[in-house]
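Undergrad: Here is the input, now give the coordinates:
(chains A, B, C and D)
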2 protein chains.
Amino acid sequence: MTEIDRRTENLTSALRRAGVRITRQRAALLSVLAEAEDHPEAVELQRRAEDVVPGISLSTVYRTLTELEAQGVILRHQFEGTPARFEHSETHHHDHMIDVDTGEVMEFANERIEKLQAEVAEALGYEIVHHRLELYVRKKAGGAE
Amino acid sequence: MTEIDRRTENLTSALRRAGVRITRQRAALLSVLAEAEDHPEAVELQRRAEDVVPGISLSTVYRTLTELEAQGVILRHQFEGTPARFEHSETHHHDHMIDVDTGEVMEFANERIEKLQAEVAEALGYEIVHHRLELYVRKKAGGAE
DNA sequence: CTCAATGCAAACGCTTTGCAGCGAC
DNA sequence: GTCGCTGCAAAGCGTTTGCATTGAG
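TA: Residues are numbered from 1 along each chain as shown, chains lettered A, B, ... in the order given. Coordinates of the predicted model:
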């Protein structure tokens, strides 16, 4: 069983747990999401799913994504100036760095930043429900291209 | 000259520098923005401006906001689940904490987080153009209400 | 007097929704 | 066979834009 099969299984069981039917459209989307290494937007997911289920509608894509997000198995990111992007939430928590020139999305994790965020909230009597940290960046001149 | 007059002056001169006309609508918006202590959205700014210029249109509000943002004198924030919110950028840099229950927006600044962000980008050969850090929080049980 | 700014209404881009027919269970 | 899901088309929401008119300079 591959890593991707495992992820697909995970997404599928989340839907089953929610008591919904696994249709051809949903099965296609689940595997597309499981094998995505990037951060595709809804239309891109539709495009990829069409290889398996030609004619799948964008409404279905959005409805499924909304359901999966509610189940907590995928994440929806609203970066600046683009439609929402999605990724399965199996991997550990991370934040994002977006190259403003290319649109490329990279991931990073920094334990110390996380800790400081919690301290900031704590100091004011709050606890963090979730956060959003996005670095909009540009390759440095002379940097490795 | 009050602090608010100073801010209004600052916003006005940014527009003048851009070579645009200071109309009644714009003058009203500039002072509304200057005296705002919160993070109002476009319709709210329109509402406040209407006290001075009844009938000011939302298009005008948006057009002026876009211009001021381009001049770098106001900031546009796209928090989750709400229309864009605006604030004059006179004060020093800060990030935001949003109470998910009340919608209240609070500001905070943390030098160490800023520094770590720069380091993360630097380590990968990038420099930060701008960032977005938002903490979606909830008052802790037993915390000062 | 001129040309930029306004208000209106229409278009926009992304996302959600109502509905009649379809298909997973 | 039931009833949840689908595709379609239409609506929603915040924001932008085209255009004829108005008003700042």
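Undergrad: C-alpha from now on. contacts and neighbour counts both.
TA: OK.
Undergrad: which residues are in contact with stretch A:105-119?
TA: A:38-39, A:93-99, A:127-128, B:112-113, B:116-117, B:120, B:135 (Cα atoms under 8 Å, 6 or more residues apart in numbering or on different chains).
Undergrad: Tell me the secondary structure at A:Leu65.
TA: Secondary structure assignment for A:Leu65 (DSSP: H, G, I helix; E, B strand; the rest coil): helix.
Undergrad: how about the residues of chain A that lie near chain B?
TA: Applying Cα under 8 Å from any Cα of the partner chain, one finds that chain A approaches chain B through A:97, A:108, A:110, A:112-113, A:116-117, A:120-121, A:125-140, A:143-144.
Undergrad: Can you select the buried ones from these in ChimeraX?
TA: One line in ChimeraX is enough to select the buried members of these, burial here meaning 16 or more other Cα atoms under 10 Å in any protein chain shown:
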select /A:97,113,117,120,121,125,126,127,128,131,132,133,134,135,136,137,138,139
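Undergrad: Next step: the residues of chain A next to chain B restricted to strands.
TA: Counting by DSSP state E, these place A:97, A:108, A:126-139 in strands.
Undergrad: Please work out which residues outside stretch A:40-52 touch it.
TA: With contact meaning Cα under 8 Å, 6+ apart, stretch A:40-52 is reached by A:25, A:28-29, A:32-33, A:56-58, A:61-62, A:83-87.
Undergrad: Just the buried positions in it, please.
TA: Neighbour-count burial for stretch A:40-52, counted by 16+ other Cα under 10 Å, picks out A:40-42, A:45-50.
Undergrad: picking that back up, out of the contacts of stretch A:40-52, who's nearest B:Asn10?
TA: Distance to B:Asn10, by Cα to Cα, is smallest for A:Pro83 among those, at 34.4 Å.
Undergrad: Find me the pLDDT at the closest one, would you?
TA: Note for A:Pro83: predicted pLDDT of 97.
Undergrad: so what's it closest to, chain neighbours aside?
TA: The shortest distance from A:Pro83 to any non-neighbouring residue, by Cα to Cα, 6 or more residues apart in numbering or on different chains, is to A:Glu41 (6.4 Å).
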